[in-house]
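1. compute the structure for the input listed below.
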Amino acid sequence: QQQMITSTESLDDISISAKSNADIEVADRSFVEEVSGNSHRKFQDSKRTCCDNEKDGRETEDLELTQVTSNEAFSMSRIVNLASTASQDSRCDHLTNNYQNRNLTSNSNNEDVEIQRVVKDEVNANISLHDDLSSLSKTLEKKEENNEHQKKSKKKKTQPPVMYVSIVVDDGNMTNKDKFKFSPGVASEITSNSNDFYSAEMGRHSSRDAKHRTSYRYSDDCPIAVASEVVAGESRAISRNTRCIFLGLIAVLVIALVVVSAMHFTGGEDPAKENMSAGLEIQNDIFLRNILANFSDSDALIDENSVQHRAMQWLLRDDKAIISMANIERVKQRYIVVLLYFSFQGENWLTNFGFLSSSHECLWNGIDHNGGFNGIQRCNKENQITSIAIVNNNATGTIPSEIGELSELTELWLYKNNLASTIPASLGNLKALKRLALYSNKFRGPMPKSFTNLTNLQILSLGDNELSGKIPVSIGDMKELTTIHMHHNYLSGAIPRSIGKMKNLDQLSLFANYLSGTVPRNIFSLESLRGLWIGDNFLTGYFEPSSMKQLSNLVWLEAYDNYITGTLPPIFSELKFLRVALLNNNLINGHIPALVFKMSSLQSLSIGDNLLTGSIPSVVGDSMVLEKLYLEKNSLTGIIPSSIGSVLSLQEIDISENLLNGTVPETISQLSNLKGLW
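-> Residues are numbered from 1 along each chain as shown. A predicted model of the protein is given here:
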């Protein structure tokens, strides 16, 4: 858009006032600058001719012209400076926005072609505008010559009145009404020709492109256009320094190039697309929160300090895997595994196993520092997790309750870590679980009653923790259990008789607790039982010979440090698989049955610190595999049988604190494997 800028007759105060209403094409600006420069030179030539003919009385006017030239140079310097710094003026940002308002295609190549067409059309239009401006300039020159005669009669120059002419230009988007100040003669001339001149110019624009009717003007908001002045009574244009113009245009071109290049290489960052992306992110956030709220604490999900919130945010912000929110089961599974990582402070693990990688969670596994295979050990054909092992890996924290949602989980190995707090009752929801190993941690509280729902559980290992309370009677309903390890805890109360119903029980380890009461007799009738560890408790009662006969597969019998009474039943000799019998520190009395030393598999016998009497049976030499014999702290009498030297497998013998007499038999020297003799 070309703005006509006026000034007062004194020319001392050049006021450039314009407002930019549309984007400015670089090629158009350069052309308008050339037109303004040519007009200015014509006005200056006319002025010099008048001055040569009328030298007298013109000294004052020449001085005034010098001052005007100085002011013009100052104004041009300001325009050039503003043009050269346009790249730093944020107010020029509307140029880029106006390009978008042309409804051009977002494709960068199509935009360039369209812009070149518009610029070409604008240049052709301005050629016509130049012709009209030249015609107007000639008319003004003739008008000036006619007025010269009137000026000769004036001794002192007076300021003519001023008129304002309003010109309305429609740019296709809005109507711009601008006022320009002229002397009455010039204003009259412009007014009389305004309909022809401006209407014709606008008509040419309209016939060419009704959507892009533009004019060029100087703008304080974005000083990169060209200003032309019509001075009252005289037509003068601001002279342009060609070098400054080119520098300004180069600066503008550089800015335009940077903007276009940035849009090209960044794909033109469509705000609509950004809004769409932000909306999609919010939608996913809400959708994921609704999914997780079905099994995870909703308050924890919004608590920025909770592991649940961290796991959810990781899925939304950091997870590189592409997972459809419609795949709810997959989303749940990945969330639970991520939650497990954060709950166990995975950043401190000795081995990471690929957790939080972009790969499928079923592949988050590997060899640990001890050579074991850990992490997500196995998944089924449907990529549902069936086995998790985080073993001896410096895991700390608590087991999240959400783990109970892994419906296909059959094995959970979390032993030898620093896990604490209570065992979540939600583990009772894992109906497919067969093996649960949580030993050697710091779990406290009672054993969850919900464990009785684990009807398929075979191994329950909770030893070496801080569990308290009673063993639930309902444990007897877990008919598939083969192994119960609850040693080294703070369990109290009696051993439930319901355990005697577990016909598949292979190992029962309850030692080092605070259990009391009698040992249920039906436990000794479990034919499948191979290991019974009930030592270091407060148990009472005695061994029932008739019931023990059914322990035909018993290998380990440890009942030390209790209050068991009665005698050693001879039936022991019938336990052909028994290897270890630790019954020391009880209240057992009577004699040592000779048949005990007839057991072909017995390797360790500890019956010290009891109330035994009598002598050591001479058949002790028949124990061909016996390695350890502890008979200390009893009331045994007689001599040490010399046959003891025949048990070449013996490594340790303790017969101290008894009432034995005689000498140590020389045959003991034949025990080449002996390491300790007390």
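
2. remind me which residues of the chain are low pLDDT?
-> Along the chain, segments meeting pLDDT under 70 span 1-244, 246, 256-283, 545-547.

3. apply 50 and report the result again.
-> 1-40, 42-43, 46-47, 49-109, 111, 119, 123, 154-239, 264-276 (pLDDT under 50).

4. at which residues are the helices of the stretch 401-550 of the chain located?
-> 545-548 (DSSP state H, counting those that start in this stretch).

5. swap in the chain?
-> In the chain, the segments counted as helices under DSSP state H are 26-53, 59-84, 93-100, 108-152, 184-208, 242-265, 271-292, 298-302, 307-313, 328-343, 545-548.

6. ok, the nearest residue to Tyr341 once chain neighbours are set aside - contacts?
-> Spatial nearest neighbour of Tyr341, chain neighbours left out: Phe355 (4.7 Å); criterion: CB to CB, 6 or more residues apart in numbering. C-beta here means a position set from N, CA and C on the backbone, and glycine is covered the same way. Neighbouring residues of Phe355 by CB atoms under 8 Å, 6 or more residues apart in numbering: 337-338, 341, 346, 364, 375.

7. what's the neighbour count on the residue lying closest to Ala581 once chain neighbours are set aside?
-> Once flanking residues are discounted, Ala581 sits nearest to Leu557: 5.0 Å by CB to CB, 6+ apart. For Leu557, the count of nearby residues is 24 (other CB atoms under 10 Å).

8. for Asp318, same thing?
-> Asp318, neighbours per other CB under 10 Å, totals 11.

9. what of Val337?
-> 21.

10. distance of it relative to Asn327?
-> Distance, Val337 to Asn327, using CB to CB, to the nearest Å: 15 Å.

11. how about Ser643?
-> Using CB to CB, Ser643 is found at 75 Å from Asn327.

12. among the contacts of Phe355, which pair sits farthest apart?
-> Checked with CB to CB, those reach their widest spread between Val338 and Gly375, with 13.2 Å between them.

13. tell me who's in contact with the residue nearest to Ala581.
-> 532, 578, 580-583.

14. show me those that map onto strands.
-> Judged by DSSP state E, strands contain the following of the contacts of Leu557: 532, 580-582.

15. Throw these into TSV and include distance to Ile385 and neighbour count, thanks.
-> Output for these, formatted as TSV (distance: CB to CB, whole Å; neighbours: other CB atoms under 10 Å):
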residue	distance to Ile385	neighbour count
Leu532	35	23
Val580	39	19
Ala581	43	23
Leu582	41	21
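
16. got a list of what Ile390 touches?
-> 340, 344, 349, 374-375, 413-414, 417.

17. ok, now with 10 Å
-> Ile390 sits next to 340-341, 344, 346, 349, 351, 353, 355, 368, 374-376, 412-417, 419 when contact means CB atoms under 10 Å, 6 or more residues apart in numbering.

18. same question for Ser635.
-> Ser635 sits in contact with 589, 610-614, 657-659, where contact means CB under 10 Å, 6+ apart.

19. give me that answer again for 8 Å
-> Taking CB under 8 Å, 6+ apart, we find Ser635 in contact with 611-613, 658-659.
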